[in-house]
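Visitor: Curious how this folds, go ahead:
(one chain, ligands or ions: 1)
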Amino acid sequence: MDVERIAFVARVKPAVRIRIERERAPKLVAELEGLGAEVRRGPWRMPGGPPRDVVCAAWTARAVEELAHGEWELCGRDRGDDNSTEQAEAARVIGRCLGYPPCCVESFAERARVKVERSRFSTDWLAVQAAWVRRPRARLDTLRFGERLHLISFEPCRFDCPAALEVADAIAAAVAREDPDGLRRLDEALRTSIAIEPSGERARVVLRSRIVEHAAAIPRHAGRPPSEGSESLAGRIVGRAVAETGELEGDSARVVDFATDVPPGGVSARGT
Ligand SMILES: [Zn+2]
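Guide: Next comes the predicted model:
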């Protein structure tokens, strides 16, 4: 199931930006053009992870040009260290083109602006620090991209942001029309607690009475196995206590407790 494609075709997303292995890009471009979309395939490479092409698509030539230009500004150019303000602006343009909520876009752009000073932390870690809440919503889980498990493709400003949840629910409704079982499986998979450390390595965890009972390494990047760092994280945190604020006892990692969310349409059993 390709959530991005479904959301775009259903017009829930006004545009898409898809990272894809270079050899698979021509087929995707042909498919999107076959749907009547305007497509641009960049010479851009996303930083980090395996080399990938970026394919931008929208329903009008103007929209795709704006998106492709923003993408080039954000990722395509090499411009040294003093680029953070321009990158933040490019992130705003891209977020607007892709239909992301303004609050989440602003939060992302702010992180892009300050990232030079804080570059010893991974961007995923900084996003989690900004978005962490006690009761995160599973449909806003963005930490499982490496397993291709996600509904939204932007980092929410908070893991319970109402505007982000509205986007996630609209995408879920489009997915349900095409593949209801797929959506059920995805919703279930996203209701999982995740531990992440400042380097961005992460693991799935099962908590019992706020103690890590089980942990399993998960990949950061799609198409790759979990890294050694992720295996090491999973190996060392079993048996540790998780504070109310998500911090792991005696460790730099933090847990986002998506498992506490109730199933969509389910009745809350946790009270208020
Ligand atoms: Zn938001």
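
Visitor: near the ion, which residues of the stretch 151-272 of the chain show up?
Guide: Contacts of the stretch 151-272 of the chain with the ion, taken as CB under 5 Å from the ion, map to 157, 161, 163-164. In this view, the C-beta of every residue, glycine as well, is placed from N, C-alpha and C.

Visitor: List buried members of those residues by neighbour count.
Guide: In those, burial by neighbour count holds for 157, 161, 164, counting by 16 or more other CB atoms under 10 Å.

Visitor: Reformat those as TSV; add pLDDT.
Guide: Output for these, formatted as TSV (pLDDT from 0 to 100):
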residue	pLDDT
157	97
161	98
164	98
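
Visitor: Any stretches of the chain with poor pLDDT?
Guide: Residues of the chain meeting the criterion pLDDT under 70: 1, 43-51, 76-83, 115-119, 266-272.

Visitor: mind listing the helices for it?
Guide: Assigned by DSSP state H, the helices in the chain fall at 3-9, 25-34, 61-71, 84-97, 102-114, 123-131, 162-178, 180-190, 228-237.

Visitor: Which one, of these, ends up nearest to residue 213?
Guide: With distances scored as CB to CB, the stretch of the helices of the chain nearest to residue 213 is helix 228-237 (10.5 Å).

Visitor: Which neighbouring elements make contact with that closest one?
Guide: Counting contacts by 3 or more CB pairs under 8 Å, 6 or more residues apart in numbering; DSSP states H and E, helix 228-237 packs against strand 193-196, strand 202-208, strand 211-218.

Visitor: who's in contact with the first one?
Guide: So the one you mean is strand 193-196. If you take CB atoms under 8 Å, 6 or more residues apart in numbering as the criterion, strand 193-196 is touched by 124-125, 128, 141, 143-144, 202-207, 212, 215, 218, 233-234, 237, 248, 253-260.

Visitor: Mark which of the residues you listed are buried, thanks.
Guide: Using 16+ other CB under 10 Å, the buried members of the contacts of strand 193-196 are 124-125, 128, 141, 143-144, 202-205, 207, 212, 215, 218, 233-234, 237, 248, 253-259.

Visitor: So the closest residue to residue 258 other than its chain neighbours versus residue 178, what's the distance?
Guide: In space, and not counting its chain neighbours, residue 258 is closest to residue 138: 4.4 Å by CB to CB, 6 or more residues apart in numbering. With distances taken as CB to CB, to the nearest Å, residue 138 is found 20 Å from residue 178.

Visitor: Tell me which of those two has more neighbours.
Guide: residue 138 (24 against 15; other CB atoms under 10 Å).

Visitor: From the domain annotation, what segments belong to each domain of this protein?
Guide: According to automatic domain parsing, the chain comprises the domains 1-99, 192-260.

Visitor: and the longest one, does that touch the ion?
Guide: Right, domain 1-99. No - Domain 1-99 lies out of reach of the ion by CB under 5 Å from the ion, never closer than 10.5 Å.

Visitor: which outside residues touch stretch 172-187?
Guide: With CB under 8 Å, 6+ apart, stretch 172-187 has contacts from 1, 3, 6-7, 9-10, 12, 138-139, 149, 151, 263-264.
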